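Undergrad: Fold the stuff below for me.
(one chain, ligands or ions: 1)
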Amino acid sequence: MNFNNLQLSEHILRALNDAGYQHPTPIQEKAIPPLVQGKDIIACAQTGTGKTAAFALPTIEILSKNKPVKRNAIRTLILTPTRELAIQIDESFAIYSKYTSLKHTVIFGGVSQNAQTTALKKSPEILTATPGRLLDLIGQGFIDLSHLEIFILDEADRMLDMGFIHDVKRVIKFLPQKRQTLLFSATMPDEIKKLSSTILYQPVKVEVSPPATTVEKINQTVYHTDKGNKNHLLLHLLKEMDVPMSLVFTRTKHGADKVVRFLNKSGISSAAIHGNKSQNARQKALNQFKDGKIKTLIATDIAARGIDIDDLTHVFNFDLPNVSESYVHRIGRTGRAGNDGIAIAFCSAAEKVDLKNIEKLIGKKISVIGNHPYPSVEDVVEPAPQKHQNSNHNRKNGRSNDGKRRKFYGNKKRRSTSKV
Ligand code: AMP
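TA: Below you'll find the model as predicted:
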């Protein structure tokens, strides 16, 4: 299959050719034909599958072909949960619509609204927005959605996770009844199914490979180590593997900052992006990363949503997520656009349960790398007591949770690093 078979106009095909796209991805193959015919759609697809183009291309096709319902009106709204994702979607529209006269803009919170309201006054047809800033600017009278033709709800499950679902419902009240609606979500929790039944009209259902198979090309390994030695293990691996570009996930913002301080002190240029950083600081870090000025970007889940860097080779799960789906989202940042990727996870004793849940979700065991300088010692406790009748039998017996007797690596130097 190639793009010529998808009922897209010459100007779009030219833009795709410029972007170096040769073949549509499965989600594009399935979603574009019904969408250009004006149908509603509910699509189960995660980031990395090419879903942005799957909704952007038919949108551009429709908007450039049909006359607007009203001149100077916003004709398409893409609602997405994070600022990074919003910026990236807007950039995608810029790429795909470059041979049209369609105008697009993006609005998100965390920065002054002035530049955004100035852009809105130029009457863009395509608006990408995060829910909070959108409601704010609607409230101030800068945005009128009453002539909208296409509504795209992106990453619906993430909206739910991030607590934005009520804002989404409030936005929907501002939309005209007659419209084309597209809902994209990586997973379909009940709440999203319920929402979809109220906002979609006879939708075409599209599903691409569930997360477990979309990450098949990613080489996944896990290192069992102690919480306090993760910094050292990371540094060791970054150096040993000579990693050119890596994204490191921590569980907390504070944890992300600590890793940055440690790496910078150790001579590896790094920066953090998370919710406590201003939008400008996040964008600056992201640009430095893309330009190769920093080698390692440390992120929390929410901030990393939408990071789309084709050359990213390594993703480190410095901390394992307790929501298993996040693991799949995280490692999906590498192995983009058909490239191979490497995903390395660190697992402390307390995170073994998270690892188990992740393996259940992806349907396979992640290969354990046993031979490394910072093996876990937290599993190994004191010498065996005389009697052992309780459930801690193995731990007290000097065995780790996998039942194997382990050597005690209680070297003081390593222990002391746990406070780094
Ligand atoms: P997305 O799932 O929308 O975040 O897209 C993932 C990445 O795949 C982005 O870097 C896109 O530029 C790229 N991409 C999307 N569609 C194609 C295609 N048909 N061929 C090659 N790359 C693509």
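Undergrad: Could you give the backbone dihedrals for residue 194?
TA: Reported as degrees, to the nearest 10, the phi and psi values for residue 194 are phi -60, psi -50.
Undergrad: Any idea how many residues pack against it?
TA: 9 (other C-beta atoms under 10 Å). Every residue, glycine included, has its C-beta placed from N, CA and C.
Undergrad: if I look at it, how far off is the ligand?
TA: Residue 194 sits 25 Å away from the ligand, going by C-beta to the nearest ligand atom, to the nearest Å.
Undergrad: Could you do residue 374 as well?
TA: Applying C-beta to the nearest ligand atom, the value for residue 374 to the ligand is 34 Å.
Undergrad: same deal with residue 40?
TA: Using C-beta to the nearest ligand atom, which is the criterion applied here, residue 40 is 20 Å from the ligand.
Undergrad: tell me the contacts of that residue?
TA: The neighbours of residue 40, taking C-beta atoms under 8 Å, 6 or more residues apart in numbering as the test, are 180-182, 200-204.
Undergrad: which regions of the stretch 1-150 of the chain lie under the pLDDT threshold?
TA: The stretch 1-150 of the chain contains no residues with pLDDT under 70.
Undergrad: Okay, strands next: where are they in it?
TA: Counting by DSSP state E, counting those that start in this stretch, residue ranges of the strands within the stretch 1-150 of the chain are 41-44, 76-79, 104-107, 126-129, 150-153.
Undergrad: Mind giving me the packing neighbours of the first one?
TA: Helices and strands touching strand 41-44, by 3 or more C-beta pairs under 8 Å, 6 or more residues apart in numbering; DSSP states H and E, are helix 26-36, strand 180-185, strand 204-207.
Undergrad: ok, back up a step: turn the strands of the stretch 1-150 of the chain into CSV, columns for mean neighbour count and distance to residue 371.
TA: Conversion of these to CSV gives the following (neighbours: other C-beta atoms under 10 Å; distance: least, C-beta to C-beta, whole Å):
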stretch, mean neighbour count, distance to residue 371
strand 41-44, 23, 39
strand 76-79, 25, 47
strand 104-107, 24, 47
strand 126-129, 27, 47
strand 150-153, 23, 47
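Undergrad: who wins for proximity to residue 229 among the ones you listed?
TA: Residue 229 lies closest, by C-beta to C-beta, to one member of the strands of the stretch 1-150 of the chain: strand 41-44, at 38.8 Å.
Undergrad: Run a quick neighbour tally on residue 204.
TA: 17.
Undergrad: any idea how far residue 323 is from it?
TA: Between residue 204 and residue 323 the distance is 29 Å, computed by C-beta to C-beta, to the nearest Å.
Undergrad: domains in the protein, as residue ranges please.
TA: Taking automatic domain parsing as the domain assignment, the record places the domains of the chain at 3-207, 218-379.
Undergrad: Just checking the distance from the first one to the centre of its chain.
TA: Per C-alpha atoms, centre = their mean, to the nearest Å, the displacement of domain 3-207 from the mean C-alpha position of its chain is 17 Å.
Undergrad: Equivalent analysis for the shortest one, please.
TA: Counting by C-alpha atoms, centre = their mean, domain 218-379 is centred 13 Å from the centre of its parent chain.
Undergrad: residues contacting residue 182?
TA: With the criterion set at C-beta under 8 Å, 6+ apart, residue 182 makes contact with 35, 40-41, 43, 55, 150-153.
Undergrad: what's across from it in the sheet?
TA: On the basis of DSSP bridges, residue 182 is bridged to residue 41, residue 152.
Undergrad: Tell me how far it lies from residue 27.
TA: As defined by C-beta to C-beta, residue 182 lies at a distance of 12 Å from residue 27.
Undergrad: Identify the contacts common to the two.
TA: Counting by C-beta under 8 Å, 6+ apart, the contacts common to residue 182 and residue 27 are residue 43.
Undergrad: residue contacts, the spatially closest residue to residue 99 that is not a sequence neighbour?
TA: Spatially, and ignoring its direct neighbours in sequence, residue 99 is nearest to residue 11 (3.8 Å; C-beta to C-beta, 6 or more residues apart in numbering). Remark: with contacts taken as C-beta under 8 Å, 6+ apart, residue 11 is in contact with 64, 99-100.
Undergrad: pLDDT on the helix or strand where residue 158 lies, on average?
TA: Here residue 158 is covered by helix 156-161, with elements defined by DSSP states H and E. When the per-residue pLDDT values of helix 156-161 are averaged, the result is 88.
Undergrad: list the buried ones in it?
TA: 156-161 (16 or more other C-beta atoms under 10 Å).
Undergrad: export that helix as PDB, just CAs?
TA: Coordinates of each C-alpha in helix 156-161 appear next as PDB, following Å, rounded to 0.1, in the frame of the first residue of the first chain:
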ATOM      1  CA  ALA A 156      -8.300  10.300  25.500                       C
ATOM      2  CA  ASP A 157      -7.200   7.800  28.100                       C
ATOM      3  CA  ARG A 158      -4.300  10.100  29.100                       C
ATOM      4  CA  MET A 159      -6.900  12.900  29.600                       C
ATOM      5  CA  LEU A 160      -8.600  10.700  32.000                       C
ATOM      6  CA  ASP A 161      -5.400   9.700  33.800                       C
END
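Undergrad: Buried residues of stretch 239-256, list them for me.
TA: Of the residues in stretch 239-256, 243, 245-251, 253, 255-256 count as buried by neighbour count, 16+ other C-beta under 10 Å.
Undergrad: out of those residues, which are inside strands?
TA: Assignment to strands by DSSP state E places the following of these there: 246-249.
Undergrad: Among those residues, find me the one that's closest to residue 195.
TA: residue 249 (28.3 Å).
Undergrad: just for the stretch 301-420 of the chain, where's the confidence low?
TA: Low-confidence segments of the stretch 301-420 of the chain, defined by pLDDT under 70: 302-306, 308, 336-339, 379-420.
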